[in-house]
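Colleague: coords please:
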Amino acid sequence: MVLVTCRSILTGMSDASEIIKSGAFGNLADIIHKLFAPMAEEYGLLLGDNAKVYRLKNLVSVLTKTQKILSDANLPPNAVPPRLALPILEASSLEDDETLQSLWAGLLATASQQTDSVSPSFVETLKQLTPDEARHLQHVWKSLKKSSDRKSLAGSTVTYAFTEMRGASPAASSETFERLGLIRRDYGMTRGDDEDEPEVGYKLVLTRYAVKFLEACNGPRPSSS
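Modeller: Sure, this is the predicted structure:
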C-alpha cells in the first residue's frame, strides 16, 4: 500500500524519517485509502520515482487540510475518480504556499463529494496561480460571500464587478485572470460632464467559470444532517 511504499523509499533519509516517526502520515491512512483506494499503491510508486522529501511534507499538509474541511462539514471522505485525484495529488504535492495548499485541499474535498461539479480545467487553472493571485482571489471570494450566500452564487448567471483589483498586489495581474477565464471585460457606454460625448468603456467582472472554480476550491457545502 501507499504507506508501506513511502516508508521503504524514504528509509535512511532523516527528514522523511522524522515525518514518519511523528505519525503525521500514518494518521492520514484512513482518508488516503478512502479518497484514493483505486490507485493508492500506484501513487506510492509515483512518489518513489520522484523521491523528494518536500513533496511528502506538502502532501501531508494538503491531506490534513482536506481531512479538516470534510470533518468540519460533517462529510465522509469518498473515493475521487483517478482523472481528478492523480492531477490534484501531483500538483498539490509540489506546493508549499499555505493559501494554495488550502485551495488544493478544498478542491480535493469537493471532488470527493460533488465529482460532477469539479471540472478537470479547475486543476489547470489552480496550477497557474501564484500565491499573490490566490490570496487576491480569496479576498474577492470572501467579499462575494458577504453580499450573497454561496448557494445563490453557485447557480447565478450574474457576473460580479472586479473592483478590488485596483488595490491588489502588482503580482496579481488582471491579465493573468483574464487569460485564465476568471474575469472578462464588460463593455458599455460611459458619460462624463454634460458636454462630453459618450464613450465606450468597460469594467472587469468575474465570470461564471470563476464563481464555480472558487466555489469548488473552498470545499463542499456542509451536510444538512
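
Colleague: W141 and F213 touch, don't they?
Modeller: No - W141 is not in contact with F213 according to Cβ atoms under 8 Å; the separation is 9.7 Å. The C-beta positions use only the backbone N, C-alpha and C, and glycine is treated the same way.

Colleague: higher neighbour count, these two?
Modeller: Per other Cβ atoms under 10 Å, whichever of W141 and F213 has more neighbours is F213, with 25 against 20.

Colleague: In which helix or strand does that one reside?
Modeller: helix 208-217 (DSSP states H and E).

Colleague: K203 too?
Modeller: Following DSSP H and E, one finds K203 within strand 199-206.

Colleague: tell me which strands and helices the strand or helix carrying T110 is in contact with?
Modeller: Element membership for T110 (DSSP H and E) is helix 98-111. Here helix 98-111 touches helix 53-72, helix 82-92, helix 120-127, helix 131-147, helix 208-217, going by 3 or more Cβ pairs under 8 Å, 6 or more residues apart in numbering; DSSP states H and E.

Colleague: List the buried residues of the second one.
Modeller: By neighbour count on 16 or more other Cβ atoms under 10 Å, the buried set for helix 82-92 is L84, A85, L86, P87, I88, L89, E90, A91, S92.

Colleague: Which strands or helices does it pack on?
Modeller: Applying 3+ Cβ pairs under 8 Å, 6+ apart, one finds that helix 82-92 contacts helix 29-36, helix 40-49, helix 53-72, helix 98-111, helix 120-127.

Colleague: cool, and the third one?
Modeller: Contact partners of helix 120-127 among helices and strands, from 3+ Cβ pairs under 8 Å, 6+ apart: helix 82-92, helix 98-111, helix 208-217.

Colleague: Export those helices to JSON lines and append columns for distance to Y202.
Modeller: JSON lines is the format used below for the helices and strands packed on helix 120-127 (distance: least, Cβ to Cβ, whole Å):
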{"stretch": "helix 82-92", "distance to Y202": "33"}
{"stretch": "helix 98-111", "distance to Y202": "28"}
{"stretch": "helix 208-217", "distance to Y202": "17"}
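
Colleague: what sits against the closest residue to N58 other than its chain neighbours?
Modeller: Spatially, and ignoring its direct neighbours in sequence, N58 is nearest to S93 (5.1 Å; Cβ to Cβ, 6 or more residues apart in numbering). Going by Cβ atoms under 8 Å, 6 or more residues apart in numbering, S93 touches L47, R55, L56, N58, L59, V62.
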